[in-house]
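# sequence and predicted structure below; questions after.
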Amino acid sequence: MPAPSANILVCSLLVLSIAGCSGPDAPSPAEHFAKAQGLESKDPQAAAEEYKLAAAGGVLGAKVALASMYDEGRGVPRSAQEAHRWLRAAAEAGHATSAFDLAQRIIADDASAQSPDEVEKLLAQSADGGLFEAGYRLALLQLASTPPRAELACGWLRKSAEAGHAPSQRELGVLTSAGNGAPRDEAAATAWFLKAAAQGDALAQYLAGVRVMSGTGTAADSAAGTELLRQAAKQDQLAAQLQLASMLDSGEGIAADQNEAATWYTLAAVSGSAKAALRLAEMYQSGEGVQRSDGDAIRWFQAAANSGELKAQVSLGMIYSEGKGITRDVAAAARLFEAAANRGDAEAQLLLGRLMLAGEGVVANARDAASWIMRAAEQNFPEAQYELARLYEYGQGVQPDRTAALGHLQVAAEAGVPDAQYVLATRYDFGVDVPENDQEAAVWYEAAGNGGVPDAWLGLGLLYQRGDGVPENDGFAARSMRRAAEHGIDWAQHVLGVMYWQAEGVPFDPIEAYAWFNLSAAAGNGASAQARNHLRVKLLTREEIAAAQELSLHLLTVSDETVQQNRMRFLPPGKQRPGAALSNPLLQGRIPASTNLGDPGARAGSPSPGSSHSSKPRFR
């Protein structure tokens with residue numbers, strides 16, 4: 001250990017060196033700092049040494065510079081530890097930016113949980129030093145604390161907001177609107193959003209746009225609100241892009257423009273929005289606002305499905321199941337349905353159940369199918385209620401239970417499922433499981449027909465033809481029959497043919513009568529084949545037959561595929577395959593197969609549908 005006098009001498013020399021007073025010609029700390037600045041671009045290593053001398057002399061800027069050099073490895077070995085040390089030195093010397101940077105480093109190092117007080121102290125120091133971003137960050141920390149300190153946060157936000165800091169203005173608007181940490185004041189909240197929006201804050205533009213559109217805290221102004229949303233959307237603000245796209249898509253609050261809607265949906269989808277991708281896929285599928293493209297529809301459905309959008313998984317599954325725009329792959333459809341079904345999507349549960357009933361894409365399993373359909377029905381999914389009614393009726397996967405079947409059928413019909421409405425109509429028409437009630441039957445037939453069930457128009461037409469439950473009206477009966485006939489319902493075609501021959505509700509027209517018989521016969525209807533042959537052999541000329549055959553090529557309003565689907569529509573669950581017979585054999589009992597058409601243009605000859613009103617058979 002050196003002598004005390006030697007120790008004092010060493011200490012004195014050290015103090016003189018630190019103070020920059022090692023001799024009368026020694027550079028001052030300020031001169032070291034200036035020299036370092038001059039050297040930094042040419043010789044960063046020498047500059048670092050000069051900065052150290054200046055920092056030792058208390059020059060704040062030198063400490064700040066050294067923190068940066070150690071952080072970047074410029075003129076010194078890169079060292080996070082040294083950078084941290086010099087930042088702390090600068091912060092302790094009152095440098096606001098260094099205090100903020102040090103707080104950010106501590107947060108990034110995930111040490112804030114161990115030293116939250118230090119972080120808040122540094123941010124407060126920085127905010128008090130005029131760095132308003134620090135006040136904003138401090139407020140966010142206080143809001144995220146347990147419990148939240150909203151009042152303190154509002155204080156820091158207000159200080160920064162009043163100084164013009166846009167994020168603070170926006171966040172203060174959020175808190176003021178919610179009454180969180182400050183009295184609830186929608187007008188003040190909107191004013192803060194508008195101030196931040198005027199500075200280009202995209203989120204504030206979106207929030208202000210929504211409020212101005214709706215008149216929240218200000219007078220409603222659709223044009224101004226839309227412009228704010230556009231400003232935000234142009235800055236890639238995702239919520240604004242979605243909002244603007246939705247408004248343009250629906251025409252809500254703005255003139256509808258699906259072309260522009262598709263543009264914004266595309267930008268949002270590219271940014272990763274599953275909802276935008278889903279809607280964009282639907283637009284490509286239908287050709288709304290874009291050129292119809294199965295390929296683009298599939299691409300966007302896939303993107304949305306990959307992001308977990310349940311509806312996209314179901315829609316993509318349906319595309320695979322139907323093979324529209326892509327090679328049919330029912331197994332892939334089943335996988336998509338199962339993924340969505342396991343997450344609770346009722347439609348997917350129903351569709352998966354249907355595949356299991358038919359054994360398409362999966363091993364046939366009626367019990368598992370019934371289980372999935374029950375789960376969908378438990379979510380009050382109307383189509384599942386109808387399907388479950390059919391399972392109970394036919395005893396597929398469950399014990400037959402006609403009471404349960406009727407209950408689920410009524411629920412589905414009242415919920416607006418057209419097929420259920422039609423089946424319920426036939427129940428009332430024929431008194432199956434319910435008291436016979438032709439008036440109720442007519443109501444449900446008409447509802448089902450308006451919902452797109454062609455068979456329903458046949459049933460309703462027969463009621464009007466007989467005057468059961470409704471006023472007898474051959475004109476309405478003929479119009480109703482035609483609606484069914486044009487969709488390929490063979491017995492409606494048969495009855496309509498008789499009506500044209502007998503001038504019953506329509507003008508006498510043997511050519512059109514033959515044409516309808518011809519169509520019905522082509523569908524396999526034996527009665528129509530006999531009636532057609534009767535006309536061909538005994539009653540019509542060769543020219544009339546040729547004209548009728550040409551006419552029959554133009555009477556249907558739907559495709560052959562749709563005709564076949566209509567014929568299979570009411571077969572037992574899982575049995576809807578080509579080669580189906582009449583959808584509803586009960587109605588067949590109401591229609592005579594007689595080929596006795598009687599005299600042309602006259603109602604003569606029971607029991608044909610062309611018999612006189614006074615003796616019109618009910619065909620029970």
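Noted; the coordinates are in hand. On a predicted model such as this, the values are computed, not experimentally measured, just so you know.

# could you find the closest non-adjacent residue to Tyr422?
Take Tyr422 and drop its neighbours on the chain: the residue closest to it by C-beta to C-beta, 6 or more residues apart in numbering is Ala448, 3.7 Å away. To be clear about C-beta, it is placed using only N, CA and C from the backbone, and glycine gets the same treatment.

# what are the phi and psi values at Trp156?
phi -70, psi -40 (degrees, to the nearest 10).

# tell me, how many residues neighbour it?
26 (other C-beta atoms under 10 Å).

# got it, and Gly253?
Counted with other C-beta under 10 Å, Gly253 comes out at 17.

# ok, now the one 5 residues further on?
For Gln258, the count of nearby residues is 18 (other C-beta under 10 Å).

# the residue nearest to Tyr422 touches Gln421, doesn't it?
Yes - with contact defined as C-beta atoms under 8 Å, Ala448 reaches Gln421; the gap is 3.9 Å.

# which helix or which strand is home to the residue nearest to Tyr422?
If you go by DSSP states H and E, Ala448 is part of helix 438-450.

# repeat that for Arg427.
helix 418-430.

# that helix packs against which elements?
Applying 3 or more C-beta pairs under 8 Å, 6 or more residues apart in numbering; DSSP states H and E, one finds that helix 418-430 contacts helix 382-394, helix 402-414, helix 438-450, helix 454-466, helix 585-588.

# for the closest residue to Ala187 other than its chain neighbours, give its distance to Leu228.
Of all residues not flanking Ala187 in the chain, Gly217 sits nearest, at 4.5 Å (C-beta to C-beta, 6+ apart). Computed as C-beta to C-beta, to the nearest Å, the Gly217 to Leu228 distance reads 14 Å.

# go on, Val210?
Val210 is 8 Å from Leu228, by C-beta to C-beta.

# how about the helices in the stretch 451-600 of the chain?
454-466, 474-485, 490-502, 510-522, 526-534, 542-552, 560-568, 585-588 (DSSP state H, counting those that start in this stretch).

# Val76 reaches Met69, doesn't it?
Yes - the criterion here is C-beta under 8 Å, and Val76 meets it with Met69 at 5.4 Å.

# ok, back up a step: more crowded one of Val210 and Leu228?
The residue with more neighbours, out of Val210 and Leu228, is Leu228; 26 against 18, by other C-beta under 10 Å.

# phi, psi for that one please.
phi -60, psi -40.

# go on, Ala262?
The phi/psi pair for Ala262 (degrees, to the nearest 10) is phi -60, psi -40.

# the closest residue to Trp192 other than its chain neighbours and Glu72, how far apart?
Distance criterion C-beta to C-beta, 6+ apart; nearest residue to Trp192, sequence neighbours excluded, is Gly173 at 3.5 Å. In this view, Gly173 and Glu72 are 38 Å apart by C-beta to C-beta.

# gap between Ser250 and Gln243?
11 Å.

# which one's more surrounded, those two?
Remark: of Ser250 and Gln243, Gln243 carries more neighbours, 23 against 12, as counted by other C-beta under 10 Å.

# so which bits of whichever helix or strand that one is part of are buried?
Secondary structure from DSSP H and E places Gln243 in helix 238-250. Under the neighbour-count criterion of 16 or more other C-beta atoms under 10 Å, helix 238-250 has 238-249 buried.

# wait, which of the residues you listed is closest to Gly325?
Taking C-beta to C-beta as the measure, Gly325 lies nearest Asp249 of the buried residues of helix 238-250, at 22.4 Å.

# which pLDDT value goes with the closest residue in space to that closest one that isn't next to it in sequence?
Closest residue in space to Asp249, ignoring its immediate chain neighbours: Ala261 at 4.0 Å, by C-beta to C-beta, 6+ apart. Per-residue pLDDT puts Ala261 at 97.

# counting neighbours, what do you get for Ala261?
Going by other C-beta under 10 Å, the residues that sit close to Ala261 add up to 25.

# swap in Pro400?
12.

# leaving out sequence neighbours, find the closest residue to it.
Going by C-beta to C-beta, 6+ apart, Pro400 has Tyr392 as its nearest residue, at 6.6 Å.

# mind listing what the one you found touches?
Counting by C-beta atoms under 8 Å, 6 or more residues apart in numbering, Tyr392 touches 398, 400-402, 404-405, 408.

# may I ask which of the residues you listed has the most neighbours?
Result: His408 is most packed of the contacts of Tyr392 (other C-beta under 10 Å), 25 neighbours.

# isn't that residue up against Glu383?
No - counting by C-beta under 8 Å, Glu383 is not a contact partner of His408; they are 11.1 Å apart.

# now stretch 442-461 - C-alpha only, CSV.
The C-alpha trace of stretch 442-461 is given here as CSV (Å, rounded to 0.1, in the frame of the first residue of the first chain):
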residue,chain,number,x,y,z
ALA,A,442,-102.5,-23.6,-49.1
VAL,A,443,-100.6,-21.2,-46.8
TRP,A,444,-97.6,-23.4,-46.6
TYR,A,445,-97.6,-24.4,-50.2
GLU,A,446,-97.6,-20.8,-51.3
ALA,A,447,-94.8,-20.0,-48.8
ALA,A,448,-92.7,-22.9,-50.1
GLY,A,449,-93.3,-22.0,-53.7
ASN,A,450,-92.2,-18.4,-53.1
GLY,A,451,-89.2,-19.8,-51.4
GLY,A,452,-88.2,-21.8,-54.5
VAL,A,453,-89.8,-25.2,-54.2
PRO,A,454,-91.4,-26.0,-57.6
ASP,A,455,-93.3,-29.0,-56.2
ALA,A,456,-95.3,-26.6,-54.0
TRP,A,457,-96.9,-24.9,-57.0
LEU,A,458,-98.2,-28.3,-58.1
GLY,A,459,-99.8,-28.9,-54.7
LEU,A,460,-101.2,-25.4,-54.6
GLY,A,461,-102.5,-25.7,-58.1
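
# got the contact list for it?
413, 416-419, 421-422, 424-426, 428-429, 441, 463, 469-470, 476-481, 483-484, 486-489, 491-492, 495, 566, 569-570, 583-584, 587.

# determine which two of the contacts of Tyr392 are furthest apart.
Pro400 and His408 (13.2 Å).

# save the helices and strands packed on helix 418-430 as JSON lines, and put in distance to Val537 and mean pLDDT too.
Below are the helices and strands packed on helix 418-430 laid out as JSON lines (distance: least, C-beta to C-beta, whole Å; pLDDT from 0 to 100):
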{"stretch": "helix 382-394", "distance to Val537": "43", "mean pLDDT": "96"}
{"stretch": "helix 402-414", "distance to Val537": "46", "mean pLDDT": "97"}
{"stretch": "helix 438-450", "distance to Val537": "36", "mean pLDDT": "97"}
{"stretch": "helix 454-466", "distance to Val537": "28", "mean pLDDT": "95"}
{"stretch": "helix 585-588", "distance to Val537": "25", "mean pLDDT": "58"}
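
# highest average neighbour count across those helices?
helix 454-466 (a mean of 27; mean count of other C-beta atoms under 10 Å).

# closest to Leu352 out of the helices and strands packed on helix 418-430?
It is, among the helices and strands packed on helix 418-430 and with distance given as C-beta to C-beta, helix 382-394, at 11.1 Å.

# and that closest one with helix 402-414, angle?
150 degrees (axes from the mean of the first three to the mean of the last three C-alpha atoms, to 10 degrees).

# show me the shaky parts of the stretch 151-300 of the chain.
Along the stretch 151-300 of the chain, no part satisfies pLDDT under 70.

# distance between the helix holding Arg427 and the chain's centre?
Taking C-alpha atoms, centre = their mean, to the nearest Å, the mean C-alpha location of helix 418-430 is offset from the chain mean by 33 Å.

# need the residues that contact it.
Here helix 418-430 makes contact (C-beta under 8 Å, 6+ apart) with 382, 385-386, 389, 406, 409-410, 412-413, 432-434, 436-438, 440-445, 447-448, 450-453, 455-456, 459, 463, 569-570, 584, 586-587.
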